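> Pasting the sequence and the predicted coordinates here, then a few questions.
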Amino acid sequence: MLNIRIICVGKFKEKYWEAASAEYSKRLGAYCSLSVIEVKEEKLPAHASRADEENVISKEGKAILGKINAGDYVVALDIGGRELSSEGLAAKIESAAFTSSVIDFIIGGSLGLSTEVKSRADLRMSFGPITLPHQLARIVLLEQIYRAFKINAGETYHK
């Protein structure tokens, strides 16, 4: 069974995000082994300078990279990444499963991902030019992964 790992910065703070995540996690259980790995969200000082922001991005990036294994296929969510349709994501997941038993989806913190994380990614993917809070991005990602598995299985969820 394919292992899907979501490596993300920060934890859910609201119960409704946890409930949505639990629902999609339950649904995905029929198709893959899903795990969510949360790394610490670094604190940004008040009136932060660009150097402070870069320091936060770097620390979060190192924490993320520390969770990725050598043979993992890595998909980084990045506003500058490639936009995929649901069918396109389904095809990427199906293709990646031939080369790796683990697909890591990476969601950065509020400042984004470090250059090192982006460089490690096999695919940089975007949900479009909009900015999403990382908690909402996590739910959208879970839904799209679920939709991709339904597409690949030829099942009717996908419209």
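Sure thing, it's come through.

> Only C-alpha atoms from now on, for both contacts and neighbour counts.
Noted.

> what's the single longest helix in this structure?
Using DSSP state H, we find that the single longest helix of the chain is helix 134-152.

> so for that one, what's the average pLDDT?
Average pLDDT, helix 134-152: 96.

> Are there helices or strands packed against the longest strand seen in the chain, and which ones?
Counting residues, the longest strand found in the chain (DSSP state E) is strand 73-83. Strand 73-83 is packed against strand 102-107, helix 115-120, strand 123-126, with contacts defined by 3 or more Cα pairs under 8 Å, 6 or more residues apart in numbering; DSSP states H and E.

> For the next helix or strand after that strand, which helices and strands make contact with it?
Scanning forward in sequence from strand 73-83 by DSSP states H and E, the next helix or strand is helix 86-99. If you count contacts as 3+ Cα pairs under 8 Å, 6+ apart, helix 86-99 packs onto strand 102-107, helix 134-152.

> now with 10 Å?
In terms of contacts (3 or more Cα pairs under 10 Å, 6 or more residues apart in numbering; DSSP states H and E), helix 86-99 is packed against strand 73-83, strand 102-107, helix 134-152.

> Check these for me and report the most buried one.
Across the helices and strands packed on helix 86-99, averaging neighbours per residue (mean count of other Cα atoms under 10 Å) puts strand 102-107 on top, at a mean of 24.
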